[in-house]
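> turn this into a structure:
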Amino acid sequence: MNIEKITTPSEILANHEIAELVGMSLYKSTTGAIQNVAQGIYAQQQGRFYIAKEDGKIIGIIGMRKIANKRLVILHLAFLEDYRGKGYAKNLIKEVCELEHVNEIAAEVNHTQKDYFKKSGFKVNLIENHITGQDLYWCKKSF
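The predicted model follows:
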């Protein structure tokens, strides 16, 4: 697997494969929502966005926010269905942490995603009384 850093929001929007993967990571995927993500998060200096490729094909994405130059918080993570459950996401997370020179990564996830993060070695804690009315979990891993 090769990874590439995407440095401008226009690269996300211009590539249909990347935009589709971003849409897979959103609760309500619309063209407007994908544009808001690209322009609102990844246009900012603290936003980081990488794509994963296998044999030249884009197979996954990860988007994060860097906090105080020591932690990454995952905002978007998605892989094509054929590449799920094979360790690609775990490897991408590890490689991105090395490239960004951080030793901690975290994510806020819902109940359907928490098992993946727990299985991948993250410490998972329930966020009580979340404003959305659903259970959310704070997942954190140190390297």
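> by mean pLDDT, point me to the weakest helix or strand of this structure.
Using mean pLDDT, DSSP states H and E, helix 31-40 stands out as the lowest-scoring helix or strand of the chain, at a mean of 83.
> for it, the distance to its chain's centre please.
Remark: helix 31-40 is offset 15 Å from the chain centroid, using C-alpha atoms, centre = their mean, to the nearest Å.
> so residue 137 is in which element?
strand 136-142 (DSSP states H and E).
> thought residue 17 was touching residue 59?
No: look at residue 17 against residue 59 with C-beta atoms under 8 Å: they stay out of range, at 9.0 Å. C-betas here are computed from N, CA, C, even on glycine.
> which parts of this protein are helices?
If DSSP state H is used as the criterion, the helices of the chain fall at 9-14, 16-24, 31-40, 88-99, 111-119.
> circling back: what's the angle between the least confident helix or strand of the chain and helix 16-24?
Helix 31-40 and helix 16-24 meet at an angle of 100 degrees, taking axes from the mean of the first three to the mean of the last three C-alpha atoms, to 10 degrees as the criterion.
> list the helices and strands helix 31-40 packs on?
Applying 3 or more C-beta pairs under 8 Å, 6 or more residues apart in numbering; DSSP states H and E, we find helix 31-40 packed against helix 9-14, helix 16-24.
> quick revisit: which one of residue 17 and residue 59 is surrounded by more residues?
Neighbours were counted for residue 17 and for residue 59 using other C-beta atoms under 10 Å; residue 59 has more, 21 against 14.
> mean pLDDT and distance to residue 137 added to the helices and strands packed on helix 31-40, as CSV?
Formatted as CSV, these follow (pLDDT from 0 to 100; distance: least, C-beta to C-beta, whole Å):
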stretch, mean pLDDT, distance to residue 137
helix 9-14, 90, 27
helix 16-24, 92, 20
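> turn those helices into JSON lines, columns for distance to residue 68.
What follows is the helices and strands packed on helix 31-40, written out as JSON lines (distance: least, C-beta to C-beta, whole Å):
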{"stretch": "helix 9-14", "distance to residue 68": "23"}
{"stretch": "helix 16-24", "distance to residue 68": "25"}
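> lovely, talk soon.
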